[in-house]
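K.L.:
Quick one, fold the following:
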Amino acid sequence: MSSLFSKIAGIFGKSEPKEESSQHTAPEATTANDAVKAEPLTASDNIDDTDDVNIENSGDSENIDNLDITEPALLIRISRAYDTNMTEQELYDITRSSWKVNYDRVKNVEYAFSIYQGQILEVYKVAGWYGAGTTFAERNEDALASGRFEFVGTIAEDSVRDKYINKSAKHLFKPGNASPVMYLNC
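P.N.:
Numbers count the residues shown, from 1 in each chain. Sure, this is the predicted structure:
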């Protein structure tokens, strides 16, 4: 419970409470833009790292629900490998490495989106796709296998990042879709 509170508190710039009580609530909003709906938590609530936490604070539900990605893109769900304490380099490496993709299709991808629990964390401009394990990166050697690919790229330009980072892409994935990757516009 403490780690979940730390994650949520980190989003709002609050520190962990010093005293435990039988009922907790989300940190108070400091401005109108920080306001989010929160239900009180009790000791009997079961919350784990797989629960979705919506970190979008804009209040513009049209922007969240109707996000339209127009660029040729590959959406990559990194849920199993993601940690909130990762560096930018670690996020890049887990996003780019070792995916089962159709090479003829993925070579048309211009942007790769790093997605955690439905939220777009980062957008990368893809320079090229290569066989898994053939480019320089820190990686889990067990994850490498034939038929997998990885991209090399850079963080996307600000105009693209500003449109997508911290927005929800949940509506793009159909319920029951377990694939970690999705092609858009390519």
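
K.L.:
and the helix or strand encompassing residue 153, which residues are buried?
P.N.:
Assigned by DSSP states H and E, residue 153 belongs to strand 149-155. Buried residues in strand 149-155, defined by neighbour count with 16 or more other CB atoms under 10 Å: 149-153. C-beta here means a position set from N, CA and C on the backbone, and glycine is covered the same way.

K.L.:
CA-only coordinates of the next helix or strand after it in PDB, if you can.
P.N.:
Remark: after strand 149-155, the chain's next helix or strand is helix 158-164, criterion DSSP H and E. Provided in PDB are the C-alpha atoms of helix 158-164 (Å, rounded to 0.1, in the frame of the first residue of the first chain):
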ATOM      1  CA  ASP A 158       8.400  18.500 -29.200                       C
ATOM      2  CA  SER A 159       5.500  19.200 -31.500                       C
ATOM      3  CA  VAL A 160       4.700  15.400 -31.600                       C
ATOM      4  CA  ARG A 161       5.500  14.800 -27.900                       C
ATOM      5  CA  ASP A 162       3.200  17.700 -26.800                       C
ATOM      6  CA  LYS A 163       0.300  16.100 -28.600                       C
ATOM      7  CA  TYR A 164       0.600  12.700 -27.000                       C
END
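
K.L.:
Quick one: mean pLDDT for stretch 101-116?
P.N.:
If you average the pLDDT over stretch 101-116, you get 96.

K.L.:
Name the residues that touch that stretch?
P.N.:
When contacts are defined by CB atoms under 8 Å, 6 or more residues apart in numbering, stretch 101-116 is touched by residues 69, 71-79, 82, 91-92, 94-96, 120-126, 129, 148-149, 151, 153, 156, 160, 164, 169, 181, 183, 186.

K.L.:
Among those, which are located in strands?
P.N.:
Among the contacts of stretch 101-116, DSSP state E puts 73-77, 120-126, 129, 149, 151, 153, 181, 183 in strands.

K.L.:
Of those, just the buried ones, PyMOL syntax please.
P.N.:
Here is the PyMOL command that selects the buried residues among the ones in strands among the contacts of stretch 101-116 (16+ other CB under 10 Å):
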select buried, resi 73+74+75+76+77+120+121+122+123+124+125+126+129+149+151+153+181
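
K.L.:
Now residue 78: closest residue in space that isn't a chain neighbour?
P.N.:
Spatial nearest neighbour of residue 78, chain neighbours left out: residue 94 (5.3 Å); criterion: CB to CB, 6 or more residues apart in numbering.

K.L.:
Do you know the pLDDT at the one you found?
P.N.:
Confidence for residue 94, expressed as pLDDT, is 94.

K.L.:
and the gap between the closest residue to residue 154 other than its chain neighbours and residue 170?
P.N.:
Excluding its sequence neighbours, the residue lying closest to residue 154 (CB to CB, 6+ apart) is residue 125, at 5.3 Å. The spacing between residue 125 and residue 170, counted by CB to CB, to the nearest Å, is 24 Å.
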